[in-house]
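Colleague: take this sequence and fold it.
(one chain, ligands or ions: 1)
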Amino acid sequence: MPALAKQQKPGEKTRIWSAACSSGQEPYSISMAVEEGMRGILSTRCNDADILATDVSSSVLEAAREAVYDRLSLMRGLSQQRCNEFFVQRDEDSWVVKDSVRNRVRFRPLNLQESFYLLGRFDVVFCRNVLIYFSTELKAEILRKIHGVLNPGGILFLGSSESISGLSDLYEMVNCNPGVAYRAKILRPPA
Ligand SMILES: C[S@@+](CC[C@H](N)C(=O)[O-])C[C@H]1O[C@@H](n2cnc3c(N)ncnc32)[C@H](O)[C@@H]1O
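Modeller: Next comes the predicted model:
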């Protein structure tokens, strides 16, 4: 995000897609990181973002829109500081995500096997822990379609056990230390 901010105009929003968002933890976590980045908590300030969050399941999207999580969900990697800052406790065992975090995220249904044509273009795509459900051919097709909606040089994050296997013509690996991401290569027409 700070690297992107250096190329962006002031006020320009980063477009982010959480492509299999399940019950919302991923897009809301991204939104919290954006909020911290905008305040300069990361080493460099970053721009605000629009986050599109999609999933094939209408029931998980319904839960995601509600943005209510129990203690067990909050204990899975969320710091106490982020809990205090970005959630309001509703009762003994439920916390709701604050509006400032929710307002950045828009949910809609999407099957990754369908066209991405109407989604527009993105600077960053998260497609984590869903490609494991698909055949090698379908996985390659989805990764090609994601390349088609990434801005040149845009970044793709996959799950830790997933890779772009066989698509090095489309993506180059970027070491994030820890972890890796994949940068969309700019395709040049054949001479
Ligand atoms: C294991 S969760 C991953 C959630 C999140 N990305 C993460 O890493 O924590 C997988 C999600 O993929 C969704 N999914 C499965 N098949 C899909 C498809 N064809 N298109 C879109 N989403 C799909 C499921 O509904 C589920 O919410």
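
Colleague: got phi/psi on residue 102?
Modeller: According to degrees, to the nearest 10, the main-chain angles of residue 102 amount to phi -70, psi -40.

Colleague: contacts only, for the nearest residue to it once chain neighbours are set aside.
Modeller: On the basis of Cβ to Cβ, 6 or more residues apart in numbering, the spatially nearest residue to residue 102 that is not a chain neighbour turns out to be residue 67, at 5.5 Å. All C-beta spots, glycine's among them, are computed from the backbone N, C-alpha and C. Listed by Cβ atoms under 8 Å, 6 or more residues apart in numbering, the contact set of residue 67 reads 24, 28, 96, 97, 102.

Colleague: the second one is in contact with residue 105, isn't it?
Modeller: Yes - in this structure, residue 28 sits in contact with residue 105. The criterion is Cβ atoms under 8 Å, and the distance is 6.5 Å.

Colleague: inside helices: which ones of the contacts of residue 67?
Modeller: 28, 102 (DSSP state H).

Colleague: now the contacts of residue 67 in a markdown table, with pLDDT and neighbour count?
Modeller: Supplementary listing: these in a markdown table, determined by pLDDT from 0 to 100; neighbours: other Cβ atoms under 10 Å:
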| residue | pLDDT | neighbour count |
| --- | --- | --- |
| 24 | 98 | 26 |
| 28 | 98 | 26 |
| 96 | 98 | 14 |
| 97 | 98 | 21 |
| 102 | 98 | 20 |
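
Colleague: among the contacts of residue 67, which one lies nearest to the ligand?
Modeller: Top of the list for closeness to the ligand, among the contacts of residue 67 and by Cβ to the nearest ligand atom, is residue 24 at 9.4 Å.

Colleague: which element, helix or strand, includes the nearest residue to that closest one once chain neighbours are set aside?
Modeller: Distances taken as Cβ to Cβ, 6+ apart place residue 64 nearest to residue 24, at 3.2 Å, with adjacent residues excluded. Following DSSP states H and E, one finds residue 64 within helix 58-66.

Colleague: quick one: that helix near the ligand?
Modeller: Yes - remark: helix 58-66 sits within contact range of the ligand at residue 60, by Cβ under 6 Å from any ligand atom.

Colleague: mind listing residues that contact that helix?
Modeller: Residues from elsewhere that reach helix 58-66 (Cβ under 8 Å, 6+ apart): 21, 22, 23, 24, 27, 53, 55, 96, 107, 108, 109.

Colleague: residues from the protein in reach of the ligand?
Modeller: That would be 20, 22, 26, 55-57, 60, 111-113, 128-130, 133, 159, which are the residues of the chain within reach of the ligand (Cβ under 6 Å from any ligand atom).

Colleague: please report how far the residue nearest to residue 24 lies from residue 150.
Modeller: Here the distance between residue 64 and residue 150 works out to 23 Å (Cβ to Cβ, to the nearest Å).

Colleague: no more questions from me, cheers.
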